[in-house]
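Enquirer: Below is the sequence, then the predicted model.
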Amino acid sequence: MIVGILKELSFETRVSMLPETVSALIKKNVEVWVERGAGEKASCADSDYVSVGASIKSAVEIFQSSTIILSIHPPDETSPSPNPSQIIIGVFQPLYNGPLMDQWAKKNITTFSLDMLPRTTRAQSMDVLSSQANIAGYKAVLHAANIFPKYFPMFMTAAGSIAPAKVLILGAGVAGLQAIATAKRLGAVVEVFDTRPAVKEEVMSLGAKFIEVDGAADVSKAGGYAVEQTEEYKQKQQQKITEAIAKADIVITTAQIPGKKAPLLITDEMLAQMKKGSVIMDLASATGGNTNVTKNNETFLHNGVTIVGNSSLQSTMPSDASKMYGKNVLNFLQLIIDKEGKLNLNFEDDLVKGACITHGGEVLNSRVKEILTD
């Protein structure tokens, strides 16, 4: 069996697997083909892949002969099309790309989108959302620190005292928790808001203050993802955030709801109250952003506040991002490749079934089906 690794689109710096992970796959009796130049932006030369036993091929050859194709993003219209019965694995955001999933289903392509894996303990080693969000939270703080026109830590100097920066983090998921830890290491005072009261202990253990709002919707049945809240809760939430945001120097927003527009957390009125020179890092910009004015992949000044719309901060650290992503993929592949290196699609496995979007000429995922029939 051949597993092919594609070179990503021009905006992406990561690669699906680094040579060290490819080596582990080859030891499982799997032949690996890597598209020429696939690892360059992640600091890996073609020769590095060859040295562990992989073969360097063109995209056309990979699409022609691979059983499984690895590509973080869906290939664009300039790429060869997957063949019927081929398997393609990546992070395809099927809840936003329903028509593409439908198109692949009609071509009898089997699609696994790892962003749709159930958020269970068993799936943690394959959780690409968490591994990449960890990097995004870390880089969000560092990027904000570079833009912010003041120190992060408190300083006592002969020229006077410098107060520490005040950081407000909206969302205490993986990205938010890493942002807390990083901001604290840089010496900032950190406050955190999240709709899930259960994360309070984690937030406080990292040295941050948790902003509590009563009446949050139950998220226990949402599989670890965020859910929409009631209007009454949203009003209470806005009041609490308004009070905190007026004092904040840095605001990092991470709130997203799968398949829906990102929730509005920072209103125009809140923006108007923010201090000149403050910074908003909006990690939800790809799905509309947590402010009304966020622009995806843009940084701009709005009434003295710098707003950064960036949902791809993980790509600014491509080496480690690729390392972690590749290990996630390898762990998932072990569910569908047996010890002899042969394909074994076991749809009785909840993780295999949960990540599968298309198979056998149809869209299998119920949530994607709903979007296509709306």
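Expert: On my side now, so go ahead.

Enquirer: only C-alpha atoms for contact and neighbour calcs from this point on.
Expert: Noted.

Enquirer: in what helix or strand does residue 22 lie?
Expert: Following DSSP states H and E, one finds residue 22 within helix 19-26.

Enquirer: And the pLDDT at residue 216?
Expert: Residue 216 is assigned 64 on the pLDDT scale.

Enquirer: wait, residue 181
Expert: 98.

Enquirer: Quick check: which helices or strands does the helix or strand containing it pack against?
Expert: Assigned by DSSP H and E, residue 181 belongs to helix 174-185. The contact analysis (3 or more C-alpha pairs under 8 Å, 6 or more residues apart in numbering; DSSP states H and E) places helix 174-185 against helix 128-147, strand 166-170, strand 189-193, helix 200-205.

Enquirer: can you rerun that using 6 Å?
Expert: helix 128-147 (3 or more C-alpha pairs under 6 Å, 6 or more residues apart in numbering; DSSP states H and E).

Enquirer: Give the rounded mean pLDDT of the helix it packs on.
Expert: 97.

Enquirer: how about that helix: buried residues?
Expert: The neighbour-count criterion (16 or more other C-alpha atoms under 10 Å) identifies 128-142, 144-145 as the buried residues of helix 128-147.

Enquirer: ditto for stretch 40-53
Expert: Buried residues in stretch 40-53 (16+ other C-alpha under 10 Å): 41-42, 44-46, 49-50, 52-53.

Enquirer: now swap in stretch 56-71 and tell me
Expert: Those would be 56-57, 59, 62-63, 65-71, for stretch 56-71 by 16+ other C-alpha under 10 Å.

Enquirer: What of stretch 356-369?
Expert: 356-359, 361-365, 368-369.

Enquirer: Pull the distance from it to the chain's centre.
Expert: 22 Å (C-alpha atoms, centre = their mean, to the nearest Å).

Enquirer: contacts for it?
Expert: Residues outside stretch 356-369 that contact it (C-alpha atoms under 6 Å, 6 or more residues apart in numbering) are 95, 105-106, 108, 110-112.

Enquirer: can you tell me which of those lies nearest to residue 284?
Expert: Nearest to residue 284 among the contacts of stretch 356-369: residue 95, at 15.3 Å, using C-alpha to C-alpha.

Enquirer: and that closest one, how many neighbours?
Expert: Counted with other C-alpha atoms under 10 Å, residues neighbouring residue 95 total 20.

Enquirer: where's it relative to residue 370, distance?
Expert: 9 Å (C-alpha to C-alpha, to the nearest Å).

Enquirer: before we move on, what about residue 237?
Expert: For residue 237, the distance to residue 370 - C-alpha to C-alpha - is 30 Å.

Enquirer: Looking at those two, which one has more neighbours?
Expert: Between residue 237 and residue 370, residue 237 has the larger neighbour count (other C-alpha under 10 Å), namely 22 against 11.

Enquirer: How is this protein partitioned into domains?
Expert: 2-116+317-364, 133-316 (automatic domain parsing).

Enquirer: Can you report how many residues lie near the residue nearest to residue 327 when sequence neighbours are not counted?
Expert: Residue nearest to residue 327 in three dimensions, not counting chain neighbours: residue 21, with 6.5 Å by C-alpha to C-alpha, 6 or more residues apart in numbering. By the measure other C-alpha under 10 Å, the count of residues near residue 21 is 21.

Enquirer: Equivalent analysis for residue 125, please.
Expert: Using other C-alpha under 10 Å: residue 125 sits among 18 other residues.

Enquirer: Confirm that it sits in a strand.
Expert: No. Using DSSP: H, G, I helix; E, B strand; the rest coil, the assignment for residue 125 is helix, not a strand.

Enquirer: Next up, the contacts around it.
Expert: By C-alpha under 6 Å, 6+ apart, the neighbours of residue 125 are residue 328.

Enquirer: For it, give its distance to residue 331.
Expert: For residue 125 relative to residue 331 (C-alpha to C-alpha), the value is 7 Å.

Enquirer: Kindly report the same for residue 352.
Expert: For residue 352 relative to residue 331 (C-alpha to C-alpha), the value is 12 Å.

Enquirer: same question, residue 311
Expert: Distance from residue 311 to residue 331, by C-alpha to C-alpha: 25 Å.

Enquirer: ditto for residue 90
Expert: 13 Å.

Enquirer: Settle it for me: which of the two has more neighbours?
Expert: Just comparing residue 90 and residue 331: by other C-alpha under 10 Å the higher neighbour count belongs to residue 90, 20 against 16.

Enquirer: In contact with that one, which residues?
Expert: Contacts of residue 90 (C-alpha under 6 Å, 6+ apart): 71-72, 113.

Enquirer: average pLDDT for stretch 197-205?
Expert: 93.

Enquirer: Buried residues, that stretch. List them.
Expert: Buried residues in stretch 197-205, defined by neighbour count with 16+ other C-alpha under 10 Å: 197, 199-200, 203.

Enquirer: Repeat that for stretch 240-256.
Expert: 241-242, 244-245, 247-256.
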